[in-house]
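Peer 1: no sequence for this one, just the structure:
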């Protein structure tokens, strides 16, 4: 089992950048594929980005392509989401998620979730 704790959210203006971090417990972080999701008030949770256990394979939602970058540091048990050129529509609670993986791929469903970090982008 893995526990996830997100950080790095905040209130920013449109066009600003933020870097979210997700710290994972345990010694086998490199065995987990990771993902970032977000949920805005009144909306369903949506996938933002995903990364394979090695970091070699990544996925981005259309809304994130060209602006967001997912990365991971297996030595630090941490996955990151660098968000640039933020827009008001990026306002949401951002969650990271983990799933044990036996292959170097990313997933659309996950087993473990963090509590989330709020990102608010003002216009």
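Peer 2: Looks like it came in fine. Owing to the predicted nature of the structure, the values given are computational and were not obtained by experimental measurement.
Peer 1: Direction included, what does the helix or strand containing residue 33 pair up with?
Peer 2: Residue 33 is part of strand 32-39, with elements assigned from DSSP states H and E. The pairing partners recorded for strand 32-39 under DSSP bridges are strand 46-51 (antiparallel), strand 92-100 (antiparallel).
Peer 1: any chance of these in a markdown table, plus mean pLDDT, mean neighbour count and distance to residue 20?
Peer 2: Just so you know, the C-beta spots here come from the backbone N, C-alpha and C atoms, and that holds for glycine as well. Converted to a markdown table, those look like this (pLDDT from 0 to 100; neighbours: other C-beta atoms under 10 Å; distance: least, C-beta to C-beta, whole Å):
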| stretch | mean pLDDT | mean neighbour count | distance to residue 20 |
| --- | --- | --- | --- |
| strand 46-51 | 98 | 22 | 10 |
| strand 92-100 | 97 | 22 | 6 |
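Peer 1: Among the ones you listed, which comes closest to residue 26?
Peer 2: With C-beta to C-beta, the closest approach to residue 26 among those belongs to strand 92-100: 9.4 Å.
Peer 1: separation between residue 88 and residue 16?
Peer 2: 11 Å (C-beta to C-beta, to the nearest Å).
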